[in-house]
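no letters, just coordinates:
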């Protein structure tokens, strides 16, 4: 009996002390979710005509006709989601980790959907007709593709110890010469090749000045961007105004979406995958570049972190001096070959070639390696 009383007294004396970081996290969640809920409430009260038109395709066509939707009910549903999240945050029931992140994403999506519906509601007029909500995801993936290629190029250069500021310059020259090559040869594939060659040319300039003449990499990258901007503007201005000549040099062919590309194996598979609602047109009704982007992300990840070549490239970038001490040839030659290989692989990625690297000018970081890496 006495033992039970002591246990109850000890439990009564326990004070639950919360971490200040956890309190700040709760306050931030409550404030953000409450703001989202109030905005969604305003959206719902501001809508007069509850009917909005939408289509799951990226454009309105006979295959994707617009459909009517009760937009007011959608906004109220989004408000309910935000209100529930606000209440859960107020009583500190939103956990950390993946579940908490998922709740935050759901609230963000609810706000986005409510905002889009509110923006398109009450927009009917006699001139433009009814505005239709289209699926923005296919266009988002299409516009994000060159950015992903550029990010992969920057990742390779950073891992190799290179400060590559000239990626934008390679974008400019690659786009210009891809357009010229596609127009001159009446082939979108030749346009890809022309863009790759132009990007490798800027990479070669970076390599020559940074490796041979030891020019500061940041300053050199800015100069190369200025060079690419001025060069492409000058060459564009030199195209005659004669419509026949201008159409010959500035009418590039573009890649068709994969279902319409008439490729023996990939086109039928892409056509079948495109029939998946929402996700199909977003991920698979795209050009060859988008498919190459999917492959490149996985390929670069495996190349850098699961191969001997990737381990050597990262060792050169993290500690070039230590890499030179274990090199089988003269000082720095193996590291330069590894960095050049990394850059040339990124240069082969369409629309975003990466620059050839130079020895790192940053403070070396401690070299890290794990037993799971190939030796």
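It's in. All of these numbers come straight from a predicted model, not from anything done at the bench. Numbering: from 1, shown residues only.

and stretch 83-101, what's its mean pLDDT?
For stretch 83-101, mean pLDDT rounds to 90.

name the residues of it that are buried.
83, 85, 86, 88, 89, 94 (16 or more other C-beta atoms under 10 Å). C-betas here are computed from N, CA, C, even on glycine.

run through the stretch 201-350 of the chain and note the low-pLDDT ranges.
320, 322-350 (pLDDT under 70).

roughly how far does residue 91 sit from residue 288?
From residue 91 over to residue 288 the distance is 51 Å, taken as C-beta to C-beta, to the nearest Å.

these two touch, right, residue 278 and residue 56?
Yes: between residue 278 and residue 56 there is a contact under C-beta atoms under 8 Å: 5.8 Å.

show me which of these two is the more surrounded one.
Neighbour totals were compared for residue 278 and residue 56, and residue 56 leads with 15 against 12 (other C-beta atoms under 10 Å).

contacts for stretch 49-67?
68-73, 117, 120-122, 124, 130-139, 277-278, 281 (C-beta atoms under 8 Å, 6 or more residues apart in numbering).

filter the buried residues of stretch 83-101 down to the ones in helices?
83, 85, 86, 88, 89 (DSSP state H).

TSV for those, including distance to residue 146?
Converted to TSV, those look like this (distance: C-beta to C-beta, whole Å):
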residue	distance to residue 146
83	40
85	35
86	39
88	40
89	38
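
which among these gets closest to residue 199?
For those, the residue nearest residue 199 by C-beta to C-beta is residue 85; the value is 45.3 Å.

contacting residues for the closest one?
33, 37, 94, 103, 106, 107 are the contacts of residue 85 under C-beta under 8 Å, 6+ apart.

quick one: it from residue 314, how far?
41 Å.

cool, and residue 83?
Counting by C-beta to C-beta, the gap from residue 83 to residue 314 is 48 Å.

next SSE downstream of the lengthiest helix in the chain?
Counting by DSSP H, the longest helix found in the chain is helix 20-46. Moving toward the C-terminus from helix 20-46, the next helix or strand (DSSP states H and E) is strand 51-54.

pLDDT averaged over that following strand, what's the number?
81.

pull out the buried residues from that strand.
Buried, per 16+ other C-beta under 10 Å, within strand 51-54: 52, 53, 54.

and which of these is nearest to residue 228?
residue 54 (41.2 Å).

any idea what the closest one is bridged to?
residue 67, residue 133 (DSSP bridges).

any idea how far residue 111 is from it?
From residue 54 to residue 111 the distance is 18 Å (C-beta to C-beta).

could you do residue 133 as well?
Where residue 111 is concerned, residue 133 sits at a distance of 16 Å (C-beta to C-beta).

repeat that for residue 313.
42 Å.

cool, residue 205 as well?
Residue 205 is 46 Å from residue 111, by C-beta to C-beta.

what about the two, which has more around it?
For residue 205 versus residue 111, the count of surrounding residues by other C-beta under 10 Å is larger for residue 111: 22 against 19.

and the nearest residue to that one once chain neighbours are set aside, how many residues sit next to it?
The shortest distance from residue 111 to any non-neighbouring residue, by C-beta to C-beta, 6 or more residues apart in numbering, is to residue 36 (4.8 Å). Counted with other C-beta under 10 Å, the neighbours of residue 36 add up to 23.

and residue 36, what's its pLDDT?
Reported pLDDT for residue 36: 94.

use 50 as the first number for this chain going forward.
Understood, numbering begins at 50; the last thing we discussed is residue 85.

list the contacts for it?
Per C-beta under 8 Å, 6+ apart, neighbours of residue 85: 131, 135, 156, 159, 160.

do that again at 7 Å, thanks
131, 156, 160 (C-beta atoms under 7 Å, 6 or more residues apart in numbering).

looking at these, which is nearest residue 90?
Distances from residue 90 to the contacts of residue 85, taken by C-beta to C-beta, are shortest for residue 131, at 8.7 Å.

quick one: that closest one and residue 158 touch, right?
No: using C-beta atoms under 7 Å, residue 131 is not in contact with residue 158, being 10.6 Å away.

those two - which one has more neighbours?
residue 131 (26 against 12).

what about residue 344, distance to residue 266?
29 Å.

more crowded one of these two?
Neighbour count, other C-beta under 10 Å: between residue 344 and residue 266, residue 266 has more, with 25 against 10.

contacts for stretch 266-274?
211-215, 217-218, 251, 254-255, 258-259, 407, 410.

tell me which of the residues you listed fall in helices.
217, 218, 251, 254, 255.

quick one, phi/psi of residue 235?
phi 50, psi 40 (degrees, to the nearest 10).

repeat that for residue 262.
Torsion angles, degrees, to the nearest 10, at residue 262: phi -110, psi 0.

distance of it from residue 216?
In terms of C-beta to C-beta, residue 262 sits 21 Å off from residue 216.

now residue 185: how far from residue 85?
In terms of C-beta to C-beta, residue 185 sits 20 Å off from residue 85.

what do you get for residue 353?
Relative to residue 85, and taking C-beta to C-beta, residue 353 is found at 38 Å.

for residue 189, same thing?
Counting by C-beta to C-beta, the gap from residue 189 to residue 85 is 22 Å.

check residue 127 too.
In terms of C-beta to C-beta, residue 127 sits 9 Å off from residue 85.

quick check: neighbours shared by the two?
Joint contacts of residue 127 and residue 85 (C-beta under 7 Å, 6+ apart) are residue 160.

what strand or helix carries the residue nearest the centre of the chain?
Nearest to the centroid of the C-alpha atoms of the chain, with distances taken as C-alpha atoms, centre = their mean, sits residue 197, at 4.6 Å. Assigned by DSSP H and E, residue 197 belongs to helix 186-208.

and that helix, what does it pack against?
Contacts defined by 3 or more C-beta pairs under 7 Å, 6 or more residues apart in numbering; DSSP states H and E place helix 186-208 against helix 216-234, helix 328-332, helix 337-354, helix 357-367, helix 382-397.
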